[in-house]
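**Q** Turn this into a model:
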Amino acid sequence: MLEEKKRLIFKFHKYYDILFTLAAFIGAVVFKKLLYGETLTGKFFPADYFFILLLIIIIWFVVLDMTGLYTPYRKKRLNEVFTEMIRAVGTSFALLILALYLIKIEGVSRVMMGLFLTMDILFLGCYKYILYAALERDKNSPHSLVACIVGSKDRARTLIDMIVASKDQRIKIFGCLETDKSLVGSTINHGYKVFNTINNIATVLTAHVIDELIFAMPLEEIEYADKYIAIAEDIGVSVRIIPDWPLHYFTYHSQVVTIGFEEFMGIPSMHISTTTPYYAKLMIKSLIDYTAAAMAVIALFPVFLLTALLIKLSSRGPVFFSQLRYGLNGRVINVYKFRTMGQDAEKNLEQLMALNEMDGPVFKIRKDPRIIPYVGTFLRKTGLDELPQLFNILKGEMSLVGPRPPIPGEVSRYELWQRRRLSMKPGITCIWQISPNRNDISFEEWMEKDLEYIDNWSLWLDIKIIFKTIRVMLTGEGR
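**A** Have a look, this model is predicted:
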């Protein structure tokens, strides 16, 4: 999965560089026209400029790649990134001028070309700075891949050595599991310890945030290895096997997992995942999330202000309500909502538990006395109380569409198969929220709908859910 993501990030990085370079060229043409008082209407581009754009795409695409601009940023300082970028753009620009001279394209404004060079360096410089800053921030991000290693001998030690030596901050080692109870508490290398045994795998995966289980010992040495892998699958934790070749003894099958082979720190491994294998589409989903959330916050700012005013006028207390919930693979996140209940709502929950109309660990009643009259009811019916979760999306904790984030108390009562709903980033809306009479369906049906979403996820499914959510909000079907 990590190797696939690296390739996709590399591709997107190149494409954005070309996109910003084209934007710089068009911006230079516009700026030059404004500078000389020329009209922007009529024929915007001379015919030769289209050919120049094609040359720019070809030259920049080749040169930026060849100059080492896309080697991992974690190995570079920011000034090195800028130096490489300026050198690559300068080389590309020189080749473009040479090509225009050899092809004998005349009449190209020198002022415009100077503006193009300046704006390209400015655009790409800003983009590289933002990207570099984001990667630096990601080094201590709670969204790094957390790996638990099964094994503590040579293969596990070698794997830990390679992860540490790689300085890849996206991978965090939680610790090691062993088959021998007497090894629990022993230190492997680099301070990592054996913290439990493999037979307690269900407890380990439900009690801790773990994204991937890496088997770094022969499966034939693990009694009931297939059972432990199945448990990880039920919970929604990815499995990676660094196996002895050949794999003729491995006969694990499943209807929902995808099995692939890839290198991990230079070691061939088998990767088993219960989430979608289409990482390019997941990256597009994330891009849509960030873009749409940013645009929505700006566009709905008057709604935010009006809602805040109504809450303040109708009830004493803060405008926003923050609640600890579980995100991706059990990460604890603060989920934001507009407050729709009185200040002591959480304290009064125990008194109302006997009135719970939902089965399972979820609490819901039709006429909750804690809800603020009129305003709170309206916000819940329209779903406007969920709008502050757009900030959770901008923080990278949630998505527009995905299983709703549960509270820790609910998750502690989940069955193992129900925890797999945590294997995908939670969303503001989901299949359950657009279901007819959603509050009347059983808890088990709700969980099945979330797993149905994970197993059948696509961008088109997200789009359909978003449009149906808008309809639900306009008709006030919430509760």
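
**Q** helices and strands around the lengthiest helix in the chain, which ones?
**A** Ranked by residue count and defined by DSSP state H, the top helix of the chain is helix 2-35. Contact here means 3 or more CB pairs under 8 Å, 6 or more residues apart in numbering; DSSP states H and E; on that basis helix 2-35 packs against helix 47-66, helix 110-138, strand 258-264, helix 279-299. All C-beta atoms are positioned from the backbone trio N, CA, C, and that covers glycine.

**Q** same thing but at 7 Å, please
**A** Packed against helix 2-35 by the contact rule (3 or more CB pairs under 7 Å, 6 or more residues apart in numbering; DSSP states H and E) you find helix 47-66, helix 110-138, helix 279-299.

**Q** would you list the ones you listed in a markdown table and tack on mean pLDDT?
**A** Converted to a markdown table, the helices and strands packed on helix 2-35 look like this (pLDDT from 0 to 100):
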| stretch | mean pLDDT |
| --- | --- |
| helix 47-66 | 83 |
| helix 110-138 | 83 |
| helix 279-299 | 85 |
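
**Q** can you give me the strands for this protein?
**A** Taking DSSP state E, the strands of the chain run over residues 145-150, 171-178, 194-197, 212-215, 238-241, 258-264, 267-273, 320-326, 332-338, 399-401, 427-429.

**Q** residue contacts, the nearest residue to Val184 once chain neighbours are set aside?
**A** Nearest in space to Val184, with sequence neighbours left out and distances taken as CB to CB, 6 or more residues apart in numbering, is Val194 at 5.3 Å. Contacts for Val194 were tallied using CB atoms under 7 Å, 6 or more residues apart in numbering; they are 152, 176-178, 183-186, 188.

**Q** could you dump stretch 455-472 to PDB, C-alpha only?
**A** Taking C-alpha atoms only, stretch 455-472 is exported to PDB below (Å, rounded to 0.1, in the frame of the first residue of the first chain):
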ATOM      1  CA  ASP A 455     -16.900  -3.300   0.700                       C
ATOM      2  CA  ASN A 456     -18.600  -1.500  -2.300                       C
ATOM      3  CA  TRP A 457     -17.000   1.900  -2.000                       C
ATOM      4  CA  SER A 458     -16.500   4.000  -5.200                       C
ATOM      5  CA  LEU A 459     -16.400   7.700  -6.000                       C
ATOM      6  CA  TRP A 460     -19.800   7.400  -7.700                       C
ATOM      7  CA  LEU A 461     -21.300   5.900  -4.500                       C
ATOM      8  CA  ASP A 462     -20.000   8.900  -2.500                       C
ATOM      9  CA  ILE A 463     -21.500  11.300  -5.000                       C
ATOM     10  CA  LYS A 464     -24.900   9.600  -4.800                       C
ATOM     11  CA  ILE A 465     -24.900   9.600  -1.000                       C
ATOM     12  CA  ILE A 466     -24.000  13.400  -1.000                       C
ATOM     13  CA  PHE A 467     -26.900  14.300  -3.300                       C
ATOM     14  CA  LYS A 468     -29.300  12.100  -1.300                       C
ATOM     15  CA  THR A 469     -28.000  13.700   1.900                       C
ATOM     16  CA  ILE A 470     -28.900  17.200   0.500                       C
ATOM     17  CA  ARG A 471     -32.400  15.900  -0.200                       C
ATOM     18  CA  VAL A 472     -32.700  14.600   3.400                       C
END
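
**Q** Domain ranges for this structure, per the record?
**A** For the chain, automatic domain parsing gives the domain ranges 2-138, 145-274, 280-475.

**Q** neighbours of Asn456, just the number please.
**A** A total of 10 residues lie near Asn456 under the criterion other CB atoms under 10 Å.

**Q** partner residues bridging the closest residue to Phe195 other than its chain neighbours?
**A** Sequence neighbours aside, Gly175 is the residue nearest to Phe195 in space, at 4.2 Å (criterion: CB to CB, 6+ apart). Per DSSP bridges, residues listed as beta-bridge partners of Gly175: Cys148.

**Q** Repeat that for Ile272.
**A** Beta bridges link Ile272 to Val239, Ile259 when assigned by DSSP bridges.

**Q** Might one say that it is in contact with Val239?
**A** Yes. Using CB atoms under 7 Å, Ile272 is in contact with Val239, at 4.1 Å.

**Q** and for these two, which residues touch both?
**A** Common neighbours of Ile272 and Val239 (CB under 7 Å, 6+ apart) are Ile229.

**Q** ok, now how distant is Ile188 from His13?
**A** Distance, Ile188 to His13, by CB to CB, to the nearest Å: 35 Å.

**Q** Between the two, which is the more surrounded one?
**A** Ile188 (21 against 16).

**Q** Name all residues that make contact with the nearest residue to that one once chain neighbours are set aside.
**A** With CB to CB, 6+ apart as the criterion, Ile188 has its nearest non-adjacent residue at 5.1 Å, and that residue is Ser152. For Ser152, the contact set (CB under 7 Å, 6+ apart) comprises 176, 178, 183, 186, 188, 194.

**Q** With Leu78 instead?
**A** By CB under 7 Å, 6+ apart, the contact set of Leu78 is Tyr132.

**Q** Can you verify my assumption that Gln433 contacts Thr469?
**A** Yes. At 6.4 Å, Gln433 counts as touching Thr469 under the criterion of CB under 7 Å.

**Q** Please name the nearest non-neighbouring residue to Ile454.
**A** Nearest one to Ile454, counting by CB to CB, 6+ apart, is Met424 at 5.1 Å.
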